[in-house]
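> structure of the sequence below:
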Amino acid sequence: MKTDDLINMLAKDARVRVRFGRVFMVALAIGVVVSAALLISTIGIRRNMAEMIETPRVLFKVGITLLLAITATRLAFRIGKPGLSLRSAAMTLLLPLAILILGIATELLVVPQAAWASSMEGHFSAFCLFFVPVLSIAPLAAILYSVRQGAPENPGKAGAVAGLAAGGIAAAIYAWHCPDDSPLFLATWYSIGILAATVAGFLIGRKILRW
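So this is what the prediction gives:
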């Protein structure tokens with residue numbers, strides 16, 4: 001390969017990387033805004049959220065969903081760029097999982113055993129199962145569009161990661177409305193909603209993220 005050809009190839013690759021990063025951030029911002037606007041315009045933010053945000057359970061719920069959204073979105077960003085190692089970004093997903101397990105263990109120690117089932121069931125599980133997947137639609141579309149501008153090596157895996165990120169974002173947004181604060185509820189119903197978004201991302205990604 002001639003030197004000029006190598007320089008042109010590297011310059012082109014640099015432009016693609018810059019463009020991908022810009023597209024990803026803009027599309028993600030739009031997806032998050034659309035999802036947040038959908039929540040506010042339909043069921044709204046929890047009426048007493050200003051007071052409840054200071055309680056440990058609500059702080060835990062908001063914090064852990066936000067942490068999942070950040071770590072999964074970071075992985076989705078990296079998966080759109082070929083050749084980048086995903087190991088460190090993937091390992092960070094263990095952090096929200098470990099914190100969730102710790103929260104569950106704490107809940108089981110604090111709450112009487114007779115109340116475990118009711119804490120897990122909550123009062124608005126159907127709302128959670130509906131709204132988390134619905135609120136993930138805009139972020140999922142945004143992330144899939146962005147990743148498609150890159151070069152994911154495994155379409156199904158990239159789609160699943162996009163779905164996980166979108167589900168985390170949706171959960172973090174829905175947490176500002178949800179009146180069920182138990183980590184047991186979070187681990188059950190939020191997880192199902194996030195899993196639904198992940199599966200949807202996998203199925204869609206296999207089709208639209210192929211080279």
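
> Ala105: how many residues sit nearby?
Applying other CB atoms under 10 Å, we find 11 residues neighbouring Ala105. (Glycine included, C-beta is placed from N, CA and C.)

> what comes up buried for the host helix or strand of it?
Here Ala105, judged by DSSP states H and E, is contained in helix 94-110. Buried residues in helix 94-110, counted by 16 or more other CB atoms under 10 Å: 96, 99-100, 103-104, 107.

> repeat for stretch 186-201
So stretch 186-201, judged by 16+ other CB under 10 Å, has buried residues 186-190, 193-194, 196-201.

> on that earlier part again, which members of the buried residues of helix 94-110 are the farthest-apart pair?
With distances taken as CB to CB, the most widely separated pair in the buried residues of helix 94-110 is Pro96 and Glu107, at 15.9 Å.

> what pLDDT does Val23 get?
We have a pLDDT of 89 for Val23.

> burial measure for it, as a count.
Val23 has 18 neighbours, counted by other CB under 10 Å.

> sketch out the low-pLDDT regions of the protein for me.
1-18, 82-83, 211 (pLDDT under 70).

> where along it do the helices fall?
3-42, 49-52, 56-79, 87-91, 94-110, 116-121, 125-135, 137-149, 155-174, 183-185, 191-208 (DSSP state H).

> would you mind finding the most buried of those helices?
Per residue and on average, the most neighbours among the helices of the chain fall to helix 155-174, with a mean of 28 (mean count of other CB atoms under 10 Å).

> from the contact counts, what lies against that helix?
helix 3-42, helix 56-79, helix 125-135, helix 137-149, helix 191-208 (3 or more CB pairs under 8 Å, 6 or more residues apart in numbering; DSSP states H and E).

> would you mind measuring from Val62 to Leu135?
Here the criterion is CB to CB, to the nearest Å. By it, Val62 lies 15 Å from Leu135.

> for Gly80, what are phi and psi?
Main-chain dihedrals, Gly80, degrees, to the nearest 10: phi -80, psi -10.

> count the neighbours of the nearest residue to it once chain neighbours are set aside for me.
The spatially closest residue to Gly80, leaving aside those adjacent along the chain, is Gly150, at 3.1 Å (CB to CB, 6 or more residues apart in numbering). Using other CB under 10 Å, Gly150 is surrounded by 24 other residues.

> cool, Thr92 as well?
As a burial measure, Thr92 scores 15 neighbours (other CB under 10 Å).

> so Tyr174 sits right up against Leu38, yeah?
No - if you go by CB atoms under 8 Å, Tyr174 and Leu38 don't touch, sitting 10.3 Å apart.

> overlap of the contact sets of these two?
Leu135 (CB atoms under 8 Å, 6 or more residues apart in numbering).
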